[in-house]
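A.B. asks: Take this sequence and fold it.
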Amino acid sequence: MAKNIIIVGGQGFAGLTLLKHLNGLYDKIHVLTRHPLINDSSNKTTYHHVNNLQGKNLDNLLAQCTAVIYLASDSTPGSSAGQPLFELHNNIQPAFEFIEHLQQHHPIHFIYVSSGGAIYDTRYYLDQPITEDHLISPPSYYGAGKVAIEAFLMAFSHQFNHPVTLLRPSNFYGVGQPRKKDFGLIRTIFDRLITNQPIEIWGDGENKRDYIYIDDFAQACIACLNNPPSNTSHIFNVGSGFGYSINEICSKIEAVTSMSLTREYKSPRTVDIRKITLNYRHLHQITGWITTVTLDEGLNRMWTWLQSQQ
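C.D. replies: This next block holds a predicted model:
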């Protein structure tokens, strides 16, 4: 059987970066997307609009593949706040429909990209990186949707003996990150500096997050593809193990750019977690993966790239 893979949501920031790392590793890469931005199908990469890939067409594609990486997500904790039906129709239902198709096929390694920053219970945070065994209690509909999909995938794996890997990454950033409203703190701060606009900060700026360089995340996906579970499931945090506050990120970017940022502090939001960092020891033990790009190095790479885009 040919070594083929499906990337669902492959034209987002993470998907486009992952495609660069997968190039040459698979005989055929099928990219499923809701919002096609490009159509440069080649001998090894084919793009499919999801509206045109239902029923038998999707089943035919699944029959050719040995792995799926599911990246598709159409919201953030802030954008779906107060809108549970948005999460249901745009994220949960499409994932459930995909799972139902998977049931009819030979065991395909299914990697689902969940969230490491929006699902854990941080009310009793002990100032140490959170492991995969930590209590789950998402404060947002976005996080609740991720948990729902995770739970169904675990049940799917148990019932049908399909290998499933759940990835819980921290916040992505890096070269190639596009401008997108309510998405990507680091890219947003850079944009505000470049355009001489203030940055809005919800709360006092001391909310702390874990950040992972996008190429490190892509390598984590490849490490998981090379180490599939045996008819069961894996759950992995993917992060740096370090936390940085919004104020610290702003100061670091000011240092990298030698520019001054205007900060506007707003009332805190209930969907925001106060602080979280991720322990990725389990992923390292199973696959050997480690982070390679420090935050300072990643910010410098981004600034060099953004300057080249001007």
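
A.B. asks: Let me see the residues that make contact with the longest helix anywhere in the chain.
C.D. replies: Longest among the helix segments of the chain by residue count, using DSSP state H, is helix 141-160. If you take Cβ atoms under 8 Å, 6 or more residues apart in numbering as the criterion, helix 141-160 is touched by 75-77, 79-84, 86-88, 91-92, 95-96, 99, 102-103, 107, 110, 112, 114-115, 118-119, 136, 138, 162-164, 166, 231-233, 235, 271. C-beta here means a position set from N, CA and C on the backbone, and glycine is covered the same way.

A.B. asks: For it, buried residues please.
C.D. replies: Taking 16 or more other Cβ atoms under 10 Å as the neighbour-count basis, helix 141-160 is seen to contain the buried residues 141-150, 152-153, 156-157.

A.B. asks: can I get the CA coordinates of it in CSV?
C.D. replies: What follows is helix 141-160 as a C-alpha-only set of coordinates in CSV (Å, rounded to 0.1, in the frame of the first residue of the first chain):
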residue,chain,number,x,y,z
TYR,A,141,-16.9,26.8,24.7
TYR,A,142,-13.8,26.5,22.4
GLY,A,143,-12.1,24.3,25.0
ALA,A,144,-15.3,22.4,25.7
GLY,A,145,-15.5,21.6,22.0
LYS,A,146,-12.0,20.2,22.0
VAL,A,147,-12.8,18.0,25.0
ALA,A,148,-15.9,16.7,23.4
ILE,A,149,-14.0,15.7,20.2
GLU,A,150,-11.2,14.1,22.3
ALA,A,151,-13.8,12.0,24.3
PHE,A,152,-15.4,10.7,21.1
LEU,A,153,-12.1,9.8,19.6
MET,A,154,-11.1,7.9,22.7
ALA,A,155,-14.4,6.0,22.4
PHE,A,156,-13.9,5.4,18.7
SER,A,157,-10.4,4.0,19.3
HIS,A,158,-11.7,1.7,22.0
GLN,A,159,-14.6,0.4,19.9
PHE,A,160,-12.9,0.0,16.6
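
A.B. asks: so after it, what's the next helix or strand?
C.D. replies: Beyond helix 141-160 on the C-terminal side, the first helix or strand identified by DSSP states H and E is strand 164-169.

A.B. asks: For that next one, which helices and strands make contact with it?
C.D. replies: Judged by 3 or more Cβ pairs under 8 Å, 6 or more residues apart in numbering; DSSP states H and E, the packing partners of strand 164-169 are strand 109-113, helix 141-160, helix 214-225, strand 233-238.
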